[in-house]
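Peer 1: Pasted the sequence and its predicted model underneath.
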Amino acid sequence: MKKIYSILVVISLSFGWACESDSEFLERPPAESLTVEQAFSDPAQVLSILANLYGRQFSVNRLSDWQTFADFNDVLVTADDGLTNLWHTNNSWPFGGINNFWSTWDYAYIRELNLFLERIEESTISEDLKAAYAAEARFLRALYYFELAKLYGGVPIVLESQTYDFSGDPSYLQVPRSTEAEIYDFVIQEADALSELLPMNADSKSRASAGAALAMKAQAAVYAGSLARYGANTPSVSLPGNVIGIPAERAEGYYQTALEAAQEIISGSAGGYALYNKIPTNLSENFAAIFYDKNANPETIFIEEYLLKFKVHYFTGANQPRYGAEEEEGGALNPSLNLVQEFELLDNTFAPLPTVDANGDPIYYENQLDIFANRDARLAGTVILPGSTFKSRPVDIWAGLQLGDGTVITGSERGQLRDVPGSPTPIQVVGFDGPVATTNQNALAGFYVRKYQDPAPGSGRRGTQSDVSRIKFRYAEILLIAAEAAFELNQPGIAADYMNEVRTRAGFTIPLTAADITLDRIIHERRVEFALEGQYFMDLKRFRIAHEIFDGISMNLSGLRSNIGSATKRSTQPWGLWPYKIYDPGSANHGKWIFKETLSNRVTAADNWQLGNYYSIINNDILNNNPKLLRQPLQ
Amino acid sequence: MKNIFHFIIVLTLSAAIMSCEKDNYEPPTSLLSGRLVYQGTPLNLEYNRVSYDIYQDGFGKTGPLSSTFTSEGEFSHLLYDGTYKMVVPNGQGPFLWENIGDGGQDTLVINLRGSAEIDVEVTPFWMIRNPQLSGSGNQVSGTFGLEQIVTNADAKQVESVTLYVSKTLFANSQTNVATNVIEGSTITDVNNLNLSVTVPELVPAQNYVFASIGVKLAGVDDLIFSPTQKIDL
């Protein structure tokens, strides 16, 4: 009886399901994914799709990969990871950059941007939101084409989502490369249109604004202008039909566009942007704060935003001074002496750091910082100098003790104690932050990176990390773009005014005059203002100076000290500057400091820029899939 | 125990049967080798700098087999018999690849049937003539002449001439212990050039070095070299 009862229960229960027809079951909407209509019917959903597109912006320099900041001998790489331990032992760059850092060919991203733009047209959200989101997606698309143009020159411009019809003939999907000028024109036109469509909001940093569009326009135009003007210096770097190479006569027009776009931002008509000047009493700290102050920062125009708990990076952890740091790791990138000595003296002149006097005898300094006295305030804002502090802890950078007879005593580990003649007890013979030549990841060039380092507690900890955002466009660059464009348009007086604004913030009191403005000055100002921010890579390429700077000839000391401030100064090897403490009790020099230029034993090659390096390689897979693409020149 | 024994027999037998099956292709056996020459004179280049591509059509993707010439301008590949096309990419090498037409490069068709050795005739922009390298004490000196081969619209000017001294046979811009440079603008007589360089102290010590002369042309990445010579000090 009991058995029958349970059978009955099973049968009766099964009726419950059996009543539903099969077709209904199969057409039930999935619970775990949204259809296109659903996704585009809700403003919050559309915004989350847009957020994904924002998160995929490309840039050669990424804070999440500190290695991407390591190039061009502005820094000595002292890490011991698989990506960078042979950085300075190979003298030529692959055509895609080291570790393929100069590569991106993400047409999937472009397709999704195009799809977004097509689908939002069909969306049921309010018209205002539709227009606003579409403008942001168009901004991201133009920005990505700009990045492609910087690396590859002319690339195919695809402005609709392509779909394959499975006919066996994909040739209708294959778009040839447009000319280099066309792609810059596209970016400029889009930016121009978007500056009207995007909101005028200087407080919106991580989302596209009218200011960001104008900044993109100014930068694209000035890049195109310089490519047109200086591309002629390397005639072999070109492709037929101007796929690479912009006709020289277009330079003037591009510079004009750049100057107008920059002046529109400067005039304030795109929002209240200004140079960051919150700490006028300490200009170096002020300069460093541009990068970590996220609270109503007037300087930043568009940033790739990082936010604690959501999107963080380990740039601080990888590069902080080693000793006493939150994770006892760091020091991967050391700014080189090549970069440090480029910072001018406050009287607007260039000079090497004075390590020896006219007779070749060492100069004795009371404090370590004295050797850097009277220099551009941006130096200490970009580089952690020996004798300075970071996170309110003094850094301890010195290479050894030098005795009265000239012998040097140093250690094989950081902060080592050793017996020293004349001292009853062992004393410290080398700094806790290095440099120790035989080890990795300490101040092997004598400096640590300051720019983009996060002073917040926990930023150097693996668990917390840093949320300092990467600045894509900032106001100082707008001023320098205006200066460059004005100079190229034969208005050196205007150029000097714009440059002086940036230089005053850096502590210069003697303004440059129109007669002082030269191309070397323009390139140099960009190099020191934007050191370790990534602009230098494109400057090397667009002024066509990289093959002169990296000519494959190794550097000697006199070469290092000479010709500072010249845009084409040879910089094939990253040098360092090591402080030594004098240990000579009874002598007047006891406890003072001397400095010596050194070349790390990690540096065994001299960089050689090949003309083929001016544009990144389009690899064989891409060329195979689209036979209409031209190969890059000289590759 | 007996069970294990059975297993072993079954495993060995199956392994033996499986391995009888032919599961691989014959390896390629035809050696394609060659060198770059100009009127019978081999050209010397920088190691691992000048690249070339070898294509074979008819197998789906058309990607090349890319490699670089040795410092003696030689190349070699172990290939299957077939028809191959060889080309030096535009702008590579201090020479003109044959049959330059409308800005493009012509390919060299190679019908490979068994091993073959080919001389690829190219036209260098310049040649180094009569290089004489000698050493005495810690000095290495060289006398040589330069001859301009390409004098038409494609002609290139000499940017600099460098004497490279190295501890190894790779005496070039990438590995050297001492160099001396003459800038192209200061050259007056191209038929009679002298360069000398002081060899620094070598660690570990060796009583010989290798030397070679490289000519850099304006607008050309790759240098043209003289044959590397061993020099006893």
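Peer 2: Happy to help now that I have it.

Peer 1: Could you tell me which residues of chain B lie near chain A?
Peer 2: B:49, B:61-64, B:89-92, B:103, B:173-174, B:179, B:181, B:219-221 (Cβ under 8 Å from any Cβ of the partner chain). Just so you know, the C-beta spots here come from the backbone N, C-alpha and C atoms, and that holds for glycine as well.

Peer 1: and residue 194, what is it in contact with?
Peer 2: Here I'm looking at chain A. Neighbour list for residue A:194: A:135, A:138-139, A:142, A:208, A:210, A:213 [criterion: Cβ atoms under 8 Å, 6 or more residues apart in numbering or on different chains].

Peer 1: wait, I meant chain B there
Peer 2: Residue B:194 touches B:141-143, counting by Cβ under 8 Å, 6+ apart.

Peer 1: Pick the one among those residues closest to chain A.
Peer 2: Lowest distance from chain A to the contacts of residue B:194 (Cβ to the nearest Cβ) belongs to residue B:142, with 18.1 Å.

Peer 1: Show me what the one helix or strand that closest one maps to is in contact with.
Peer 2: Following DSSP states H and E, the helix or strand that holds residue B:142 is strand B:139-148. Under the contact criterion Cβ under 8 Å, 6+ apart, strand B:139-148 has outside partners B:125-135, B:155, B:158, B:161, B:163, B:165, B:178, B:187, B:190-199, B:209, B:211, B:213, B:215, B:226, B:231, B:233.

Peer 1: Enumerate the positions of it that are buried.
Peer 2: B:140-142, B:144, B:146 (16 or more other Cβ atoms under 10 Å in any protein chain shown).

Peer 1: what does stretch A:41-54 give?
Peer 2: A:46, A:49-50, A:53-54.

Peer 1: mind putting those residues in CSV, secondary structure included?
Peer 2: Below are the buried residues of stretch A:41-54 laid out as CSV (DSSP: H, G, I helix; E, B strand; the rest coil):
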residue, secondary structure
A:46, helix
A:49, helix
A:50, helix
A:53, helix
A:54, helix
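
Peer 1: Among the residues you listed, find me the one that's closest to chain B.
Peer 2: residue A:53 (31.8 Å).

Peer 1: nearest spatial neighbour of the closest one, skipping sequence neighbours?
Peer 2: residue A:140 (5.5 Å; Cβ to Cβ, 6 or more residues apart in numbering or on different chains).

Peer 1: For the residue in chain B positioned nearest to chain A, grab phi and psi.
Peer 2: Closest approach between chain B and chain A, counting by Cβ to the nearest Cβ: residue B:91, at 3.5 Å. Main-chain dihedrals, residue B:91, degrees, to the nearest 10: phi 90, psi -10.

Peer 1: what's around it, how many residues?
Peer 2: 21 (other Cβ atoms under 10 Å in any protein chain shown).

Peer 1: Grab the nearest non-local neighbour of it.
Peer 2: Using Cβ to Cβ, 6+ apart, the nearest residue to residue B:91 is residue A:634, at 3.5 Å.

Peer 1: ok, back up a step: thought residue A:615 was touching the residue of chain B closest to chain A, still the case?
Peer 2: No - counting by Cβ atoms under 8 Å, residue B:91 does not reach residue A:615; the two are 11.7 Å apart.

Peer 1: Can you check which residues contact both of those two?
Peer 2: A:633, A:635.

Peer 1: which ones are touching the closest residue to chain B within the stretch 451-600 of chain A?
Peer 2: For the stretch 451-600 of chain A, the nearest residue to chain B under the criterion Cβ to the nearest Cβ is residue A:552, separated by 4.7 Å. For residue A:552, the contacting residues are A:91-92, A:572, A:606-608, B:173-174, by Cβ under 8 Å, 6+ apart.

Peer 1: Out of those, which two sit at the greatest distance?
Peer 2: A:572 and B:174 (11.9 Å; Cβ to Cβ).

Peer 1: shared neighbours of those two, anything?
Peer 2: By Cβ under 8 Å, 6+ apart, the residues touching both residue A:572 and residue B:174 are A:91, A:552, A:608.

Peer 1: can you put those residues in a markdown table and add distance to residue A:385 and secondary structure?
Peer 2: Formatted as a markdown table, those follow (distance: Cβ to Cβ, whole Å; DSSP: H, G, I helix; E, B strand; the rest coil):
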| residue | distance to residue A:385 | secondary structure |
| --- | --- | --- |
| A:91 | 30 | coil |
| A:552 | 31 | coil |
| A:608 | 31 | strand |
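
Peer 1: and the residue nearest to residue A:286 when sequence neighbours are not counted, what does it touch?
Peer 2: Excluding the flanking residues, the one nearest residue A:286 by Cβ to Cβ, 6+ apart is residue A:279, at 4.0 Å. Residue A:279 makes contact with A:285-286, A:289 under the criterion Cβ under 8 Å, 6+ apart.

Peer 1: what about the biggest strand by length in chain A, average pLDDT?
Peer 2: The longest strand of chain A (DSSP state E) is strand A:575-583. Strand A:575-583 shows a mean pLDDT of 95.

Peer 1: Tell me the helices and strands packed up against it.
Peer 2: Applying 3 or more Cβ pairs under 8 Å, 6 or more residues apart in numbering or on different chains; DSSP states H and E, one finds that strand A:575-583 makes contact with helix A:337-340, strand A:400-403, strand A:593-599.

Peer 1: Relative to residue B:27, which of the ones you listed is closest?
Peer 2: Nearest of these (Cβ to Cβ): strand A:593-599, 47.0 Å.

Peer 1: relative orientation of the closest one and strand A:575-583 in degrees?
Peer 2: Compare the direction of strand A:593-599 with that of strand A:575-583 by axes from the mean of the first three to the mean of the last three Cα atoms, to 10 degrees and you get 150 degrees.

Peer 1: and strand A:593-599, how far from the chain's centre?
Peer 2: Distance of strand A:593-599 from the chain centroid (Cα atoms, centre = their mean, to the nearest Å) equals 29 Å.

Peer 1: what's in contact with that strand?
Peer 2: By Cβ under 8 Å, 6+ apart, strand A:593-599 touches A:337, A:353, A:355, A:362-368, A:370-371, A:398-399, A:402, A:446, A:555, A:557, A:560, A:573, A:575-582.

Peer 1: Restricting to C-alpha, output the next helix or strand after that strand in PDB.
Peer 2: Following strand A:593-599 in sequence order, the next helix or strand is helix A:620-625 (DSSP H and E). The C-alpha atoms that make up helix A:620-625 are tabulated as PDB, following Å, rounded to 0.1, in the frame of the first residue of the first chain:
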ATOM      1  CA  ASN A 620      52.600  38.400 -40.500                       C
ATOM      2  CA  ASP A 621      49.400  37.100 -39.200                       C
ATOM      3  CA  ILE A 622      47.700  40.400 -39.700                       C
ATOM      4  CA  LEU A 623      49.300  40.800 -43.200                       C
ATOM      5  CA  ASN A 624      48.100  37.300 -44.100                       C
ATOM      6  CA  ASN A 625      44.500  38.000 -43.100                       C
END
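
Peer 1: circling back to that earlier point, out of the contacts of residue A:194, who's the most crowded?
Peer 2: That'd be residue A:213 among these, by other Cβ under 10 Å, with 29 neighbours.

Peer 1: which one is residue A:80 nearest to, not counting chain neighbours?
Peer 2: residue A:440 (4.1 Å).
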